[in-house]
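Engineer: generate a structure from the sequence data that follows.
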Amino acid sequence: MSYIDDRYNVELCPNRGLSVITCGWMKCHGGHTNAKRFYPNHSLTFVLKGKGSYTLGDKTINVQAGQCFAIFPDIPITYTADMNDPWEYIFSIITGEDVLTLFRALGLTQNTPVTPFQITPSIVRNLNSMYKAAASSSKLGYDVLGFFLLAISEVAEQASQNSIRDNPQNVYVEKTLAYMKTNYPYDISVSSIAAYVGVEQSYLYRLFKKQFGVSLREWLIQFRLEKSLEMMDNTEKSTTSIAHSVGFYDLPHFTKAFKKAYGISPKAYRKGDRFSDSEQ
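Structural biologist: Sure thing, here's the model as predicted:
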């Protein structure tokens, strides 16, 4: 055998957002190669020692300690341990609706499937705790997911700091979008968004306007209206309830904004009269 490993499938209550379904530790001998295969799920591998090479589709990348590489579903994967300094790593196979959001936070895409991270005692401790917790199903996998997220939060923070140094303007805009997409149902203000991002309100306004051609307030109103359309098409909630659910607490304001955007009132839209603008 050209490697030793310790891996577990996780017995869990499925979590729609994110679940760790398999995780483990592996220490390879020099030259050990995983045969080319297709994975049905996403995966993250954290290299703690040594180095190797990683082939995703037709792209081969050299990876070393202090780097994390991603596996994407239905793309052929091969990876090989270095002959003289073979790697040791901890991996996690993950699934759920939030996987790609997590990948974006780490800066991982199919074009950039490797990201650096600083190997800190806390990251190593949480990754070790993750796969060891998977040996038991007594906590339904929530402890596994918890340790995974603790490790990921630190890696994501490192990635965020690196991005701020490399291109702070893009990071400010991304944080602004993430904040608005998460908090749109609440009574948030431009000043509260700027405070969260950590920049002056006027500076953030200029950055956002330059990139999207609209102000933060205009973008937020449009996003709320799009969410209201989804709810109208997919729920039986009242117009008032939908307005409140997407962050409009003044029904006349919601009606006016909706009609300005779509040329029809919310109530007429619910009735299916998509071409009538007679109702005020």
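
Engineer: the strand or helix carrying Ile61: which residues count as buried?
Structural biologist: Using DSSP states H and E, Ile61 falls within strand 59-64. By neighbour count on 16 or more other C-beta atoms under 10 Å, the buried set for strand 59-64 is Val63. All C-beta spots, glycine's among them, are computed from the backbone N, C-alpha and C.

Engineer: can you tell me the strand partners of it and which way each runs?
Structural biologist: As defined by DSSP bridges, the strand partners of strand 59-64 come to strand 51-56 (antiparallel).

Engineer: which strand is the longest one in this protein?
Structural biologist: As assigned by DSSP state E, the longest strand anywhere in the chain is strand 19-28.

Engineer: partner strands of it, with direction?
Structural biologist: Sheet pairing of strand 19-28 (DSSP bridges) gives strand 3-9 (antiparallel), strand 88-95 (antiparallel).

Engineer: what mean pLDDT does the shortest one have?
Structural biologist: In this model, strand 3-9 has an average pLDDT of 73.

Engineer: centre of the chain to that strand, how far?
Structural biologist: 27 Å (C-alpha atoms, centre = their mean, to the nearest Å).

Engineer: ok, residues contacting it?
Structural biologist: 21-29, 32, 81, 91, 131, 134-135 (C-beta atoms under 8 Å, 6 or more residues apart in numbering).

Engineer: scan these and report the most crowded one.
Structural biologist: Cys23 (28 neighbours; other C-beta atoms under 10 Å).

Engineer: which residues touch it?
Structural biologist: Contacts of Cys23 by C-beta under 8 Å, 6+ apart are Arg7, Tyr8, Val10, Ile90, Phe91, Ser92, Ile93, Met130, Tyr131, Ala134, Val144, Phe148.

Engineer: partner residues bridging the fifth one?
Structural biologist: Listed by DSSP bridges, the beta-bridge partners for Phe91 are Gly24, Thr45.

Engineer: how much space between it and Glu157?
Structural biologist: Applying C-beta to C-beta, to the nearest Å, the value for Phe91 to Glu157 is 21 Å.

Engineer: over to Thr182?
Structural biologist: Look at Thr182 and Glu157: by C-beta to C-beta, they are 18 Å apart.

Engineer: just the pLDDT at the spatially most central residue of the chain, thanks.
Structural biologist: Per C-alpha atoms, centre = their mean, the C-alpha nearest to the average position across the chain is that of Thr101, at 1.5 Å. Thr101 is assigned 85 on the pLDDT scale.

Engineer: give me the angle between the strand or helix carrying Leu145 and strand 19-28.
Structural biologist: Leu145 is located in helix 142-166, with elements delineated by DSSP H and E. Per axes from the mean of the first three to the mean of the last three C-alpha atoms, to 10 degrees, the angle that helix 142-166 makes with strand 19-28 is 80 degrees.

Engineer: what average pLDDT does helix 142-166 get?
Structural biologist: Regarding helix 142-166, the rounded mean pLDDT is 82.

Engineer: before we move on, the earlier item: now the element after the strand holding Ile61, going C-ward?
Structural biologist: Counting by DSSP H and E, what follows strand 59-64 is strand 67-71.
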